[in-house]
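Enquirer: what would the 3D arrangement of this be:
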Amino acid sequence: MHLNNSVDNTINENHTSSYREVKIGKTLYCVTSIYMGEKELGPTLEKLAVRHVLNEMDSKAKQWLRT
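Expert: Numbering: from 1, shown residues only. Down below sits the predicted model:
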């Protein structure tokens, strides 16, 4: 899974940023977010987690079918 998200490097002093590490399975995601009043981070992380799990399941199913 490849995500190509860009964030403007110019951060207004009024914006709040946060950093956290989220572990899903054996993968550690380093998440830096800048709150600009536009989007909640929680639902986005949930979608990423679901995609990760589905991709992992698909990969394992393909490996199983090859044997």
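Enquirer: what pLDDT does the closest residue to Tyr35 other than its chain neighbours get?
Expert: In space, and not counting its chain neighbours, Tyr35 is closest to Thr16: 4.6 Å by CB to CB, 6 or more residues apart in numbering. Using the backbone N, CA and C atoms, a C-beta is placed for each residue, glycine as well. We have a pLDDT of 81 for Thr16.
Enquirer: and for Leu54?
Expert: With respect to pLDDT, Leu54 scores 90.
Enquirer: quick one: it from Ser17, how far?
Expert: 30 Å (CB to CB, to the nearest Å).
Enquirer: the residue nearest to Tyr35 reaches Ile34, doesn't it?
Expert: Yes: with contact defined as CB atoms under 8 Å, Thr16 and Ile34 form a contacting pair (7.4 Å).
Enquirer: so for the two, which sits in the more crowded spot?
Expert: For Thr16 against Ile34, the residue with the higher neighbour count under other CB atoms under 10 Å is Ile34, and the figures read 14 against 10.
Enquirer: helix/strand/coil for that one?
Expert: The assignment at Ile34 comes out as strand when based on DSSP: H, G, I helix; E, B strand; the rest coil.
Enquirer: so what's it bridging to?
Expert: Ser17 (DSSP bridges).
Enquirer: I'd say it and Asn14 touch.
Expert: No: in this structure Ile34 lies outside contact range of Asn14 using CB under 8 Å: 10.9 Å.
Enquirer: list the buried ones in the helix or strand encompassing Leu65?
Expert: Using DSSP states H and E, the element containing Leu65 is helix 41-66. Across helix 41-66, burial judged by 16 or more other CB atoms under 10 Å covers Leu45, Leu48.
Enquirer: could you dump stretch 22-31 to PDB, C-alpha only?
Expert: Listed next in PDB are the C-alpha coordinates belonging to stretch 22-31 (Å, rounded to 0.1, in the frame of the first residue of the first chain):
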ATOM      1  CA  VAL A  22       0.300   3.800  16.100                       C
ATOM      2  CA  LYS A  23       1.100   0.100  16.000                       C
ATOM      3  CA  ILE A  24      -1.100  -2.100  13.800                       C
ATOM      4  CA  GLY A  25       0.000  -5.700  13.800                       C
ATOM      5  CA  LYS A  26       3.800  -5.600  13.500                       C
ATOM      6  CA  THR A  27       3.900  -2.300  11.600                       C
ATOM      7  CA  LEU A  28       4.600   0.900  13.500                       C
ATOM      8  CA  TYR A  29       3.100   4.100  11.900                       C
ATOM      9  CA  CYS A  30       4.600   7.400  12.900                       C
ATOM     10  CA  VAL A  31       1.700   9.900  12.500                       C
END
